[in-house]
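[1] Need the 3D shape of this:
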Amino acid sequence: MPAATHEETLDALRTLLRSLGQIVLQRHAATGVCVLAALLVSDTRLACAALTGAIAANVGAVLRGYDADDTRDGLHGFNGALAALAAFTFIADYATAMAVAILAATAAAWLLGPWARWLDARGLGFYSSPCLLVTWAWLPFMHPALAHVSTPYAVSWHDAVPGVLTGIAQTSFACNALAGAFILGGIALSSMRAALFALAGAALATLAHWLAGADGASFGAGLLGFNGALAALALADCGLLAALAGVGVSVALQQIAAMYGVPAMTAPFVVATWTVRLLMRDTPRTRPSKRVREFSAGEHARCEDRQKTTRAVSPES
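    Presented below is the predicted three-dimensional model:
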């Protein structure tokens, strides 16, 4: 195989893996490997969905002429992966789920450009919002098969660690503690600080929901912690208080959504992060840069001064 072709293949693979890593806000191929491993130990259908969605979204980004560097960083692929994961989570029939996954991932990629520009003009990032918008568009026309329904059970303190880890797993629609451990390990490979924030965010959100009266089935499925983990990750660069505020707002929004039966998915995390960043935007110490879209798409880099040169020193795998 010619050297140039070999390098192109490796570059495409790194792009795909970074797209998976960006699901948990990390621009790191090794994180993507861990996310893929988490999906495999949870459900091979989910692993297939994530790869399909990321590929479809990246192809869509190329066809749309999006910035090639951002595509290589995984910023244009992770919403496609999430959109496909949502399809496989809520649709039981494999063929239907695959068709919806490809269409939803492509739609998320094509929506991303104008939507990101609109948000960027307001100093906000898109996070997983393209996936949410696309999923909410098709969900009313389907009869969702909820994948995480179980018989209520009593929760003891022995279940605390597995419950929190399962919450971290749910950031990628996976549903067991081992998957959560893989994802947490993948975040740590990119940034130990980010891993600590994710763990703390998941734990605090799980505890808050539990004190608010959440049932044991939701606890065991990890449905209580994932928005808190993502909010803490997204706001870690702005400090501990900002991350705690984001977790608190995400918990409140998730409680409200559950009260009205709204399929919120990661919307509480997105809205909570937007809210905190808007409140902090006019504070000189925390004012985001004009390229906030790079951070907002999911990189766990400092949002204030991140430049293109960061790519030259960022860890690769």
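
[2] and residue 50, how many residues sit next to it?
    33 (other C-beta atoms under 10 Å). (Each C-beta comes from the backbone N, C-alpha and C, glycine too.)

[3] In contact with it, which residues?
    Counting by C-beta atoms under 8 Å, 6 or more residues apart in numbering, residue 50 touches 20, 23, 35-36, 39, 81, 84-85, 172.

[4] What strand or helix carries residue 168?
    helix 160-169 (DSSP states H and E).

[5] How far off centre is that helix?
    16 Å (C-alpha atoms, centre = their mean, to the nearest Å).

[6] Name the next helix or strand following that helix along the chain.
    Reading on from helix 160-169 to the C-terminus, the next helix or strand found by DSSP H and E is helix 177-190.

[7] So which other helices or strands are in contact with the helix or strand that that next one is followed by?
    The helix or strand immediately downstream of helix 177-190 is helix 192-211, counting by DSSP H and E. Counting contacts by 3 or more C-beta pairs under 8 Å, 6 or more residues apart in numbering; DSSP states H and E, helix 192-211 is packed against helix 160-169, helix 177-190, helix 216-221, helix 226-235, helix 240-259.

[8] Among these, show me which one is buried the most.
    Compared across the helices and strands packed on helix 192-211, helix 226-235 shows the largest average neighbour count, a mean of 32 (mean count of other C-beta atoms under 10 Å).

[9] who touches residue 39 in this structure?
    Here residue 39 is in contact with 46-47, 50, 172-174, 179 (criterion: C-beta under 8 Å, 6+ apart).

[10] and it, which of the three is it?
    Assigned by DSSP: H, G, I helix; E, B strand; the rest coil, the conformation of residue 39 is helix.

[11] Near the residue lying closest to residue 40 once chain neighbours are set aside, how many other residues are there?
    Once flanking residues are discounted, residue 40 sits nearest to residue 47: 4.7 Å by C-beta to C-beta, 6 or more residues apart in numbering. Residues near residue 47, counting by other C-beta under 10 Å, number 22.

[12] Report how many residues lie close to residue 40.
    For residue 40, the number of neighbouring residues by other C-beta under 10 Å comes to 16.

[13] Report the separation between it and residue 178.
    10 Å (C-beta to C-beta, to the nearest Å).

[14] Check which residues of stretch 64-74 are buried.
    Across stretch 64-74, burial judged by 16 or more other C-beta atoms under 10 Å covers 66, 70-74.

[15] Could you do stretch 24-44 as well?
    So, applying 16+ other C-beta under 10 Å, buried residues of stretch 24-44: 24-43.

[16] cool, and stretch 196-205?
    Buried residues in stretch 196-205, counting neighbours by 16+ other C-beta under 10 Å, are found at 197-205.

[17] Render the CA-only coordinates of it in CSV, please.
    The C-alpha trace of stretch 196-205 is given here as CSV (Å, rounded to 0.1, in the frame of the first residue of the first chain):
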residue,chain,number,x,y,z
LEU,A,196,-13.0,13.8,37.6
PHE,A,197,-15.6,16.5,36.6
ALA,A,198,-17.6,13.9,34.7
LEU,A,199,-17.6,11.5,37.6
ALA,A,200,-18.5,14.3,40.1
GLY,A,201,-21.3,15.6,37.8
ALA,A,202,-22.8,12.2,37.3
ALA,A,203,-22.7,11.5,41.1
LEU,A,204,-24.2,14.8,42.1
ALA,A,205,-26.9,14.7,39.5
